[in-house]
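J.: Sequence and predicted model, in that order:
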Amino acid sequence: MVHGMRQRRHIPTWTAVIAACSLVSILIMLHLLLVDQRGNPKLEMEKKWENIRTMEKKMEEMKQNVAKADAYKAELMEMVKSCNVTAGQQGNRCRGLLALDLPKLETLPNDLLNREVDNTGLLGCSEIDSLKIIKQIHKGGNKVVQSAQHGKRQVAVKSAALEVRNVQNCLKRKTFKKKEDCYILANYEVVRENLLLRQIQHSGVPKMLGMCVRSEVSSGDIKERGVSLVVELGRQVDLTELMSLSLKERIKITMDFGGLLLYFAHSSLGSMRIQKFKLNRFILADDKIKLADVNELTSLEPECDVQYRCLLNGTEIESIKCFDNRCIGMNEQLNLQAANKIFFKPLLHVPVTNPRATEIRQLLKDIEAYKMTSDHVYLRLNSLYRSYNT
Ligand SMILES: Nc1ncnc2c1ncn2[C@@H]1O[C@H](COP(=O)(O)OP(=O)(O)OP(=O)(O)O)[C@@H](O)[C@H]1O
Ligand SMILES: [Mg+2]
């Protein structure tokens, strides 16, 4: 009985020993685990190396991707080169490529990518975007005219703007639901000027330097403007300043202007009249008087009167004939009369003592008496000018 009791007491003792051993081993394992995770410098180093190896692998993958991208870029550049060389002959392959606007391509030299300049010799949208606006010269009915820096040269930029008269009137009248639609007419005027300048190429109109047409909107920021025109920059004609020039220089300016009137009278668009012939419609550039806005031109001759006559100041003029109810030759005569009053008379003013006074006065009188066409005027001014060189 006593033995049986001793045996029963042994069992819990061993259980307690085993439990205690298990607890100790669990604690040791836990301790080891924690030391592994936090404190074992050897394992930590191992982990770091593993991370570095993973990063190296990733770097290698990235390098391979970069190499692939470089090869693709080189291939694209070759295609751009061949498309530029044989522009227009490459069909669909080039069409898609030239429309690409990859930022990487833009950083390449201009001669390779300057498609706009290559084709026409004119500035395109990207060049116009990079012009530095200097100041506003004029705010007109449809356009603002600004001066801008293009490399070493100054140019004039013309574009529709919110503040011009016709856009303002359109917005006030709420003519259109969409605000942008109020720019349509003004933008049309800029585009029209561009088209006319392409047809009228004469030293008496500003040289066309560039054009960008990309949307109907307008903005103060040149990069966001839908339509911009870049032309030779001039300055207001100051007659007092011109009067201080020598007679020979003044005859030269008058002769050049006479050449412009001759050109207008025989232009391929018909005999063109300057509609609002006023001093402020002209600029001085390259020592020549130039018509600032070719939109002022019309090739429509005035209508004949009810009796099919063409009268100027109540007088019938020999060089003007009524044909198809239009006074053919009237445009030319109106240009000459206005030019005589505004430019020729003041610029060719000479004292009676001048040896050429009689010849000059006779010329001015003949113009005023409608005796001259622009051909005659130009020839007479030309011979006057040449007489100074002999
Ligand atoms: N190339 C230029 N260089 C210098 N000034 C210029 C040039 N072109 C135009 N201007 C000036 O801006 C004025 C207006 O130009 P333009 O006629 O083209 O604009 P607009 O909107 O039609 O103005 P407006 O309604 O007054 O005719 C010109 O009269 C001239 O004074
Ligand atoms: Mg104008």
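T.: Nice, thanks for sending it over. Ligands and ions are numbered 1, 2, ... in the order given.
J.: Those residues of the chain touching ligand 1, which are they?
T.: Within the chain, the residues that sit near ligand 1 (Cβ under 6 Å from any ligand atom) are 137-138, 140-143, 145, 156, 158, 206, 231-234, 236, 280-281, 283, 292-293. Heads up, the C-betas are built off the backbone N, CA and C, glycines and all.
J.: What is the burial count for Tyr188?
T.: Using other Cβ atoms under 10 Å, Tyr188 has 14 neighbouring residues.
J.: Could I get the average pLDDT for the helix or strand hosting it?
T.: Using DSSP states H and E, Tyr188 maps to helix 184-199. Confidence over helix 184-199 (mean pLDDT, whole number) is 93.
J.: Report the buried residues of it.
T.: 184-187, 189-190, 193-194, 196-197 (16 or more other Cβ atoms under 10 Å).
J.: now for it, which elements pack on it?
T.: Judged by 3 or more Cβ pairs under 8 Å, 6 or more residues apart in numbering; DSSP states H and E, helix 184-199 is in contact with strand 143-150, strand 153-160, helix 165-173, strand 208-213, strand 227-232.
J.: out of those, deepest packed?
T.: strand 227-232 (a mean of 24; mean count of other Cβ atoms under 10 Å).
J.: if we can go back for a sec, what's the closest of the buried residues of helix 184-199 to Glu127?
T.: Asn194 (15.3 Å; Cβ to Cβ).
J.: picking that back up, quick one: the helices and strands packed on helix 184-199 as CSV, columns for mean pLDDT too.
T.: Putting the helices and strands packed on helix 184-199 into CSV (pLDDT from 0 to 100) gives the following:
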stretch, mean pLDDT
strand 143-150, 96
strand 153-160, 96
helix 165-173, 93
strand 208-213, 94
strand 227-232, 96
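J.: Which one of the residues in the protein is closest to ligand 1?
T.: Relative to ligand 1, the nearest point of the chain is Gly140 (2.0 Å; Cβ to the nearest ligand atom).
J.: Now do the same for the nearest residue to that residue once chain neighbours are set aside: its pLDDT.
T.: Once flanking residues are discounted, Gly140 sits nearest to Val164: 6.2 Å by Cβ to Cβ, 6 or more residues apart in numbering. On pLDDT, Val164 comes in at 93.
J.: if I pick Val164, what's in contact with it?
T.: Listed by Cβ atoms under 8 Å, 6 or more residues apart in numbering, the contact set of Val164 reads 139-144, 186.
J.: Would you list the phi and psi of it?
T.: Per-residue torsions, Val164: phi -70, psi 160 (degrees, to the nearest 10).
J.: Would you mind listing which of the residues of the chain next to ligand 1 are buried?
T.: For these, a burial check counting by 16+ other Cβ under 10 Å picks out 137, 140, 142-143, 145, 156, 158, 206, 231-234, 283, 292-293.
J.: how much space between the most centrally placed residue in the chain and Val144?
T.: By Cα atoms, centre = their mean, the chain has its centre lying nearest to Ile128, at 3.9 Å. Note on Ile128: its distance to Val144, by Cβ to Cβ, to the nearest Å, is 15 Å.
J.: again, but for Phe343
T.: Distance of Phe343 to Val144, computed by Cβ to Cβ: 27 Å.
J.: Give me the secondary structure label for the residue nearest to Met372 when sequence neighbours are not counted.
T.: For Met372, ignoring the flanking residues on the chain, the nearest one in space by Cβ to Cβ, 6+ apart is Asp366 at 5.2 Å. At Asp366, secondary structure determined by DSSP: H, G, I helix; E, B strand; the rest coil is helix.
J.: Near Asp366, how many residues? Count them for me, please.
T.: With other Cβ under 10 Å as criterion, Asp366 counts 15.
J.: Look at Lys177 and say how many residues are nearby.
T.: Neighbour count of Lys177, defined by other Cβ under 10 Å: 6.
J.: Please, where are all the strands along the stretch 251-390 of the chain?
T.: With DSSP state E, counting those that start in this stretch as the criterion, the stretch 251-390 of the chain has strands at 273-274, 282-285, 288-291, 297-298, 311-312, 315-316, 321-323, 326-328.
J.: Out of those, which is closest to Gly210?
T.: Smallest distance to Gly210 across the strands of the stretch 251-390 of the chain (Cβ to Cβ): 16.2 Å, for strand 282-285.
J.: Look up the closest residue to Arg273, ignoring the ones flanking it.
T.: Asn331 (3.7 Å).
J.: To what extent is the one you found buried, counted in neighbours?
T.: For Asn331, the neighbour count with other Cβ under 10 Å is 25.
J.: in the stretch 251-390 of the chain, which segments are predicted with low confidence?
T.: Low-confidence segments of the stretch 251-390 of the chain, defined by pLDDT under 70, are located at 389-390.
J.: can you give me the helices for it?
T.: Here the stretch 251-390 of the chain has its helices, by DSSP state H, counting those that start in this stretch, at 330-339, 345-347, 357-368, 374-389.
J.: Glu301: which of those is closest?
T.: Of the helices of the stretch 251-390 of the chain, nearest to Glu301 by Cβ to Cβ is helix 330-339, at 5.2 Å.
J.: Now do the closest one: which elements does it pack against?
T.: helix 247-265, strand 273-274, strand 311-312, helix 357-368, helix 374-389.
J.: which of these is buried the deepest?
T.: Neighbour counts (mean count of other Cβ under 10 Å) averaged over each of the helices and strands packed on helix 330-339 peak at strand 273-274, with a mean of 22.
J.: Just name whatever secondary elements it is in contact with.
T.: Secondary-structure packing of strand 273-274 (3+ Cβ pairs under 8 Å, 6+ apart): strand 297-298, helix 330-339.
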